[in-house]
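Peer 1: sequence below, structure please.
(chains A, B and C)
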Amino acid sequence: MKAAKIAELLGGKLSGNPDTEISRLAEVQNAAGDEISFISNPAYEKYFETTGAGAVIVSEKFAVKTERPELAVIRLEDPYMGFVTLQEFFHRQNAETVREISAKSSIGEGTTVGADVHIGDFTVIGKNCSVGKNTIIRANVTIGDGVTVGDNTHIESSVTVYHGCKIGNNVIVHSNTVIGSDGFGFARDKEGKYRKIPQTGIVVIEDDVEIGSNCSIDRATIGVTKICRGAKLDNQIQIAHNVEIGEDTVIVAQAGIAGSTKIGKRCMIGGQAGIVGHLTICDDVIIGASVGVTKSIVKPGMYMGYRFKPFKEELREEANIKDIPTLKDKIKKLESIINKDK
Amino acid sequence: MKAAKIAELLGGKLSGNPDTEISRLAEVQNAAGDEISFISNPAYEKYFETTGAGAVIVSEKFAVKTERPELAVIRLEDPYMGFVTLQEFFHRQNAETVREISAKSSIGEGTTVGADVHIGDFTVIGKNCSVGKNTIIRANVTIGDGVTVGDNTHIESSVTVYHGCKIGNNVIVHSNTVIGSDGFGFARDKEGKYRKIPQTGIVVIEDDVEIGSNCSIDRATIGVTKICRGAKLDNQIQIAHNVEIGEDTVIVAQAGIAGSTKIGKRCMIGGQAGIVGHLTICDDVIIGASVGVTKSIVKPGMYMGYRFKPFKEELREEANIKDIPTLKDKIKKLESIINKDK
Amino acid sequence: MKAAKIAELLGGKLSGNPDTEISRLAEVQNAAGDEISFISNPAYEKYFETTGAGAVIVSEKFAVKTERPELAVIRLEDPYMGFVTLQEFFHRQNAETVREISAKSSIGEGTTVGADVHIGDFTVIGKNCSVGKNTIIRANVTIGDGVTVGDNTHIESSVTVYHGCKIGNNVIVHSNTVIGSDGFGFARDKEGKYRKIPQTGIVVIEDDVEIGSNCSIDRATIGVTKICRGAKLDNQIQIAHNVEIGEDTVIVAQAGIAGSTKIGKRCMIGGQAGIVGHLTICDDVIIGASVGVTKSIVKPGMYMGYRFKPFKEELREEANIKDIPTLKDKIKKLESIINKDK
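Peer 2: Numbering: from 1, shown residues only, chains lettered A, B, ... in the order given. The predicted model follows:
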């Protein structure tokens, strides 16, 4: 694809060779002559002078220090969004189109499958399920009885969806994620032994949700565990029973949300953060990476709790914290001396 | 099922319409007319006046503010245990009874399978295994050679059990959990390269254990990694080689226990907690969520370590901690002035 | 195998019965008469007097308190390395040798498979892949199109490798790990909705890497996510898009590395540690367990950040930290009094 054609696709202004042939995108520091890169983050501006790329997308305001006439330069208001558009364009061009229901899959009685659906080898779909049109379910997936999966949804290999759960349209679920396993609920009897509380609710994944690999989303004890429209979950996230994740909320890898907690819309939960059970987090809250949240949050804003420092500094601070009571004593003594003096 | 029948089943006292037909349990705030709810937590008492449920279980002491004669009210000493009993009752009624060994599974030579066992499609069981009676092994499971699985045990889809491991009776293992993968053991040679230490031990899961989804339980280097009778593990838990988890101990999601650590009986380990290797934690210890445990614990009790606060408060505290040395200097100066004055 | 033969194999000096028959290794505190143990850690020296083992490996300097003439004792400079060598020896003896390509697997068009390869039941390998010689791919594995896997590599059950990824020689990947799932990348549009950025890069796993169970290694947005030669990853580790892990670096369970971060050679990252995105960690850095790293590290050394204490001590310290501003006020007051006095 010629550089001129790409500039036209993105609505940008081209300088340099319009006939440069571009095959794909690449990182600016590693790109070759048939590749296009972009510079958005100022830290990468230095690579303009050295990049091996055949073309590069920069912002309208980008100041060229050293002219590189052989480089096709495309100027855009937002180079990052130009990169995203181009990624989508190349991705669509390369997307596979094979759709078939494997003879090596196993589909239960009463299950209906829409048009243009792909079901991979050794995938099991239970009884009385419904799979919408244009949906891709890869190999070695296990779907329980009575599950519904919407249209244009992708379920990657080795995912498990337990019986009765509901997955919407345009949903992506990455490999080895488990949806609808039992919530962690036990009642302790008089001898201190645990009695399992049956978990009879379901999981509902609404439209436009993406869920990473190796996540666990437990079914509700009764009622519903719900991931609302547009929410995005990274890898290795734990969602306990009866949790609700609001629309367009983003959760970064390895975070965990304990039982019955409700998270509002447009929140961002940092990686490895933990939120205890039975809380309510309002809309538009940002929780920092690794923060442990122990109280409900009613005010939008940023909540952090990170402590990172070299080992020696940590030890010194720990010692200082331990010295506070001694300081208090010394101050009290000084005060009593001075007051006596008065 | 009529409300009167449910009251009888639970041994409770009924007021209101005994003929109300109940089909299932539901959360009190979301229930419909053919559903029964319970109120145990005082925070939910307010829903008594507005619930759409046809019946509700309350405590014997529950004070009704607004009479609702159309509602069937069942009074019990412990409404929560009544809810558990009812969950179990409805769950048993709906539990599937199909038991078959799928023709699409693969079972190795020398493996014996008890009566009333279910083995799902595309499940692989190795050679010389033994599966007890009444056990359910779902689809896409992989079990290595020489594994024993007891009676009445449930192994959900895509679980892996490596060769030689032993799983007891009445055990539940949720999807995508891995039992018996190699422990993380390497010896560093003189050039700083790592040499793998073969992990030749096994994992033993005793009776009545439940393990959530996406857990990792490593085999011992030599000897046994053991999960003792009645222990309950939530999702995404890491159990390293040669760990032992005591009877009736509960571990919440995303916690990790490092190699050779022994945890006592009836402990509760909070979510995302981490316990370093080669420690001993005595019986009846409670470890808070996200706590990192670096020393053995010899005294039962509660161990916490949580710091959560709004970002500004965190920054302020950090600055204050950094100021402690300056405060010390000032106090020393004051002391010397005052002492000189004397 | 006789004790004398083992002493010869390890190059050690034997005392006691040279004809003791040894069948396997065992922990010194649990060993039986046909088992051999080792004592390396001084904490285990006490077991010399009570062990039921038939033979025991000790250091050349080990001082025997109570003679045990019936015990075969092998003295070595480094008993731990002797144990490793013996583990390797017994492990090789017991290693299975069956190699077959299961008729119940599914291998795509254009895929080539080397000599002495094992492919398990219900494993799917896509089109145009290449699998090197002597490689073992177990049951229920899913490998996408265009993947290359090297020689002598072990891929355990239910692993997923997405299309286009490259895995080297002598690599071990444990069960349910996911390699090449989409990186977590979204662009927020003007209405606050997220638009997925296609992830078109790949993952490269170089030679001699071991990866534990339930790990997630995301493909690059563009370019490569790379695990370099000799790196060792424990279980449940999250590696985000475009991360690079240096040669011979070790990462302990449940750690997470955010997008585009580069980690140097011979680093050790503790369990549950988190490293935020776009950082550079230099060679030979040790990050403590649970530490959150928020800045690049340019100096080799140890970085910790652990706080663990009994609940009451934690509460007391928290209260003391909150008292610092009051102390500052008091000091200021004392200073002003004293200065006025002058």
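Peer 1: going by C-alpha atoms from here, please, whenever you check contacts or count neighbours.
Peer 2: OK.
Peer 1: point out where the stretch 1-150 of chain A drops to low pLDDT.
Peer 2: Judged against pLDDT under 70, the low-scoring parts of the stretch 1-150 of chain A cover residues A:95-97.
Peer 1: which residue, other than its chain neighbours, is closest to residue A:293?
Peer 2: Of all residues not flanking residue A:293 in the chain, residue A:275 sits nearest, at 4.7 Å (Cα to Cα, 6 or more residues apart in numbering or on different chains).
Peer 1: same question, residue A:270
Peer 2: By the measure of Cα to Cα, 6+ apart, the closest residue to residue A:270 outside its immediate chain neighbours is residue A:289, 3.9 Å from it.
Peer 1: the one you found: neighbour count?
Peer 2: For residue A:289, the number of neighbouring residues by other Cα atoms under 10 Å in any protein chain shown comes to 26.
Peer 1: from residue C:94, how far out is it?
Peer 2: When distance is defined by Cα to Cα, to the nearest Å, residue A:289 is 45 Å away from residue C:94.
Peer 1: ok so, going back, the residue nearest to residue A:293: what's it in contact with?
Peer 2: Shown here is residue A:275, whose contacts under the criterion Cα atoms under 8 Å, 6 or more residues apart in numbering or on different chains are A:256-258, A:261, A:292-294.
Peer 1: at 7 Å what do you get?
Peer 2: By Cα atoms under 7 Å, 6 or more residues apart in numbering or on different chains, the contact list for residue A:275 reads A:256-258, A:292-294.
Peer 1: likewise residue A:217?
Peer 2: Listed by Cα under 7 Å, 6+ apart, the contact partners of residue A:217 are A:178-181, A:238-240.
Peer 1: 10 Å instead, please
Peer 2: With contacts defined as Cα atoms under 10 Å, 6 or more residues apart in numbering or on different chains, the neighbours of residue A:217 are A:161, A:177-183, A:202-205, A:211, A:225-227, A:237-243, A:257, B:213, B:235.
Peer 1: buried stuff in stretch A:3-21?
Peer 2: Using 16 or more other Cα atoms under 10 Å in any protein chain shown as the test for burial, stretch A:3-21 gives A:3-7, A:10, A:12, A:14-18, A:20-21.
Peer 1: so can I have TSV of the residues you listed showing secondary structure?
Peer 2: TSV is the format used below for the buried residues of stretch A:3-21 (DSSP: H, G, I helix; E, B strand; the rest coil):
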residue	secondary structure
A:3	helix
A:4	helix
A:5	helix
A:6	helix
A:7	helix
A:10	helix
A:12	coil
A:14	strand
A:15	strand
A:16	coil
A:17	coil
A:18	coil
A:20	coil
A:21	strand
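Peer 1: please determine how far residue A:334 is located from chain C.
Peer 2: Computed as Cα to the nearest Cα, to the nearest Å, the residue A:334 to chain C distance reads 8 Å.
Peer 1: check residue A:35 too.
Peer 2: Taking Cα to the nearest Cα as the criterion, residue A:35 is separated from chain C by 11 Å.
Peer 1: what of residue A:11?
Peer 2: Residue A:11 is 18 Å from chain C, where distance means Cα to the nearest Cα.
Peer 1: pretty sure that residue contacts residue A:76?
Peer 2: Yes - applying Cα atoms under 10 Å, one finds residue A:11 in contact with residue A:76, separated by 7.5 Å.
Peer 1: anything in contact with each of these two?
Peer 2: Once Cα under 10 Å, 6+ apart is applied, the residues that residue A:11 and residue A:76 both contact turn out to be residue A:82.
Peer 1: SS state for residue A:323?
Peer 2: Going by three-state DSSP, the secondary structure assigned to residue A:323 is helix.
Peer 1: contacts only, for it.
Peer 2: By Cα under 10 Å, 6+ apart, the contact list for residue A:323 reads A:317, B:324-325, B:328, C:317, C:320.
Peer 1: so for the residue nearest to residue A:293, what's the pLDDT?
Peer 2: At residue A:275 the predicted local distance difference test score is 95.
Peer 1: can you pull the phi/psi pair for it?
Peer 2: phi -120, psi 120 (degrees, to the nearest 10).
Peer 1: what of residue A:179?
Peer 2: In terms of degrees, to the nearest 10, the main-chain angles of residue A:179 are phi -120, psi 120.
Peer 1: number of residues surrounding it?
Peer 2: In terms of burial, residue A:179 registers 29 neighbours under the definition other Cα under 10 Å.
Peer 1: okay, and the beta partners of it?
Peer 2: As for beta bridges, residue A:179 partners with residue A:161, residue A:217 under DSSP bridges.
Peer 1: what's near enough to touch the nearest residue in space to residue A:194 that is not next to it in sequence?
Peer 2: Residue nearest to residue A:194 in three dimensions, not counting chain neighbours: residue A:188, with 4.5 Å by Cα to Cα, 6+ apart. Taking Cα under 10 Å, 6+ apart as the contact definition, residue A:188 lies against A:194-196, B:81, B:248.
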